[in-house]
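**Q** mind looking at a prediction? Sequence and model below.
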Amino acid sequence: MERFVANNASHYDNNPKYELPEPKPMMYAKTYRDKFAVPLVKKLKDVIRSILVHYFEKTNEMKKVIERTRNQMRSLTERINKLEPENERLCEVERDYNRVRSELGNECVETYVNIAKTRETAPKGEKKAARESRNQGFDW
């Protein structure tokens with residue numbers, strides 16, 4: 001940003017187009033004003049106008065970006081607030097799963113997990129048979 005300003009400032013500092021020349025000998029003040037001062041002031045006004053237009057365009061763009069960012073932040077905050085309870089619930093389920101796993105042993109739990117997965121993917125008739133065969137060895 002500073003480099004941009006420095007480059008553009010030097011353009012106006014070193015450009016004779018933006019400097020008032022020395023008056024010619026015996027030149028009337030009105031002639032000097034009309035030939036040199038007024039055109040220079042007009043150029044400076046045009047530059048200032050251009051700078052202001054660019055400033056307001058960039059300001060409006062920045063406001064839009066800020067508003068879009070705020071909306072995204074609101075949306076993400078709402079999503080986080082929605083997902084936090086679910087995450088807490090899932091963490092509790094995981095703790096329970098780990099408790100069951102430590103009591104029954106890894107192999108037993110893996111066996112039942114695989115049976116459940118198979119039952120979920122099996123057609124309806126096979127699901128009933130799998131349920132019956134699973135319950136045969138246990139007295140609940």
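**A** The structure has been received and is ready for your questions. Numbering: from 1, shown residues only.
**Q** separation between the residue located most distally from the centre of the chain and Leu40?
**A** Here the chain reaches farthest from its C-alpha mean at Met26, the gap being 65.4 Å by Cα atoms, centre = their mean. Going from Met26 to Leu40 by Cβ to Cβ, to the nearest Å gives 21 Å. Every C-beta, even on glycine, is put in place using the N, C-alpha and C of the backbone.
**Q** do the same with Tyr55
**A** With Cβ to Cβ as the criterion, Tyr55 and Leu40 are 22 Å apart.
**Q** of those two, who's got more company?
**A** Remark: of Tyr55 and Leu40, Leu40 carries more neighbours, 15 against 10, as counted by other Cβ atoms under 10 Å.
**Q** that one is in contact with Asn15, isn't it?
**A** No - checked against Cβ atoms under 8 Å, the pair Leu40 and Asn15 is beyond contact range at 11.2 Å.
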